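A.B. asks: coordinates only, sequence not included:
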């Protein structure tokens, strides 16, 4: 059940700026069709329809921005109303950055609602559930910055040049997913610090930025349905999920 006290307190940034080189093909993977919808549409609709979410920003490749704008209007307007009214009035489409974290930074800086918190979610994870999103919202309010992750079930090896060096205790290993979330003012302050003193590594997610600056990050348990579409081998699995 939605908690009405949380309505409008959260914004979502959906990085969709990558070109999906590992997928191959001639179009970004977020535009590939799963069933009768492109990949990006699944999670975008989920966030747009939730009352907790006051604003949604999707960051797309510069060369594909016009395409995204038309595609989103044509596909999502029938669900959310004519033009950019109703659910679509909280949507912005912006150009992403060179790296994923820079796309997220662009998205965070584009937020204009009164939301206090931001959830960052990869559009390549199309089957995010409303339950997980609400769990993230509750964790943000009650504990602080957080990310969705699922426990490792395989044995994890550290290897160098094809030779095993050690085995990690898998009970301590979690596989990071999204959403990853924090207070908007906090994440903006960290971006400001990075602007003054650039990082000596490329962050692959928001949690790694929070961790670098000593901010605690809590775990919200994820699920396999929220896995990421990355390779051609994944595609058939996701097509089957979309048909259910």
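C.D. replies: Ah, there it is. Nothing here was measured: the structure is a model prediction, and the numbers come from that model. Numbering: from 1, shown residues only.
A.B. asks: Straight-line length of stretch 202-220, end to end?
C.D. replies: One end of stretch 202-220 sits 24 Å from the other (CA to CA, to the nearest Å).
A.B. asks: For that stretch, what is the distance to the chain centroid?
C.D. replies: Relative to the centre of its chain, stretch 202-220 is centred 14 Å away, using CA atoms, centre = their mean, to the nearest Å.
A.B. asks: in that stretch, what's buried?
C.D. replies: 203, 205, 206, 207, 208, 209, 210, 215, 217, 218, 219, 220 (16 or more other CB atoms under 10 Å). Placement of C-beta: from N, CA and C, glycine included.
A.B. asks: Check these and tell me the two furthest apart.
C.D. replies: Farthest apart among these by CB to CB are 203 and 220. That separation is 19.6 Å.
A.B. asks: hang on, the earlier thing: identify, from the buried residues of stretch 202-220, the entry nearest to residue 147.
C.D. replies: The closest of the buried residues of stretch 202-220, once distances to residue 147 are taken by CB to CB, is residue 207, at 4.6 Å.
A.B. asks: Please list the outside residues in contact with the longest strand along the chain.
C.D. replies: Of all the segments of type strand in the chain, defined by DSSP state E, the longest one is strand 174-183. Defining contact as CB atoms under 8 Å, 6 or more residues apart in numbering, one finds that strand 174-183 is touched by 10, 12, 116-122, 125, 128, 132-133, 136-137, 139-140, 144-152, 205-207, 210, 215, 219, 222, 226-228.
A.B. asks: Partner strands of that strand and their direction?
C.D. replies: Partners of strand 174-183 in the sheet, by DSSP bridges, are strand 117-120 (antiparallel), strand 146-151 (antiparallel).
A.B. asks: Go through these and name the closest to residue 191.
C.D. replies: Nearest of those to residue 191, taken as CB to CB: strand 117-120 at 11.6 Å.
A.B. asks: after the closest one, next one along is what?
C.D. replies: helix 130-142 (DSSP states H and E).
A.B. asks: And the residue nearest the centre of the chain, how far from residue 179?
C.D. replies: In the chain, the residue lying closest to the centroid (CA atoms, centre = their mean) is residue 121, at 1.1 Å. Computed as CB to CB, to the nearest Å, the residue 121 to residue 179 distance reads 4 Å.
A.B. asks: Identify the contacts common to the two.
C.D. replies: Common contact partners of residue 121 and residue 179 (CB under 8 Å, 6+ apart): 12, 128.
A.B. asks: quick one, phi psi at residue 187?
C.D. replies: Backbone torsions of residue 187, given as degrees, to the nearest 10, read phi -70, psi -30.
A.B. asks: so how far is residue 140 from residue 129?
C.D. replies: From residue 129 to residue 140 the distance is 17 Å (CB to CB).
A.B. asks: The two - which one has more neighbours?
C.D. replies: Here residue 129 and residue 140 are compared on neighbour count by other CB atoms under 10 Å; more neighbours surround residue 140, at 24 against 13.
A.B. asks: before we move on, the earlier item: got the contact list for the residue nearest to the centre of the chain?
C.D. replies: Counting by CB under 8 Å, 6+ apart, residue 121 has contacts 12, 13, 14, 43, 47, 128, 178, 179, 180.
A.B. asks: mind running it again at 10 Å?
C.D. replies: 12-15, 43-44, 46-47, 56, 128, 132-133, 136, 148, 177-181, 226 (CB atoms under 10 Å, 6 or more residues apart in numbering).
A.B. asks: so which strand or helix has the residue nearest to residue 91 when sequence neighbours are not counted?
C.D. replies: If the residues on either side of it in the chain are set aside, residue 91 comes closest to residue 56, at 5.1 Å by CB to CB, 6 or more residues apart in numbering. Per DSSP H and E, residue 56 falls inside strand 53-60.
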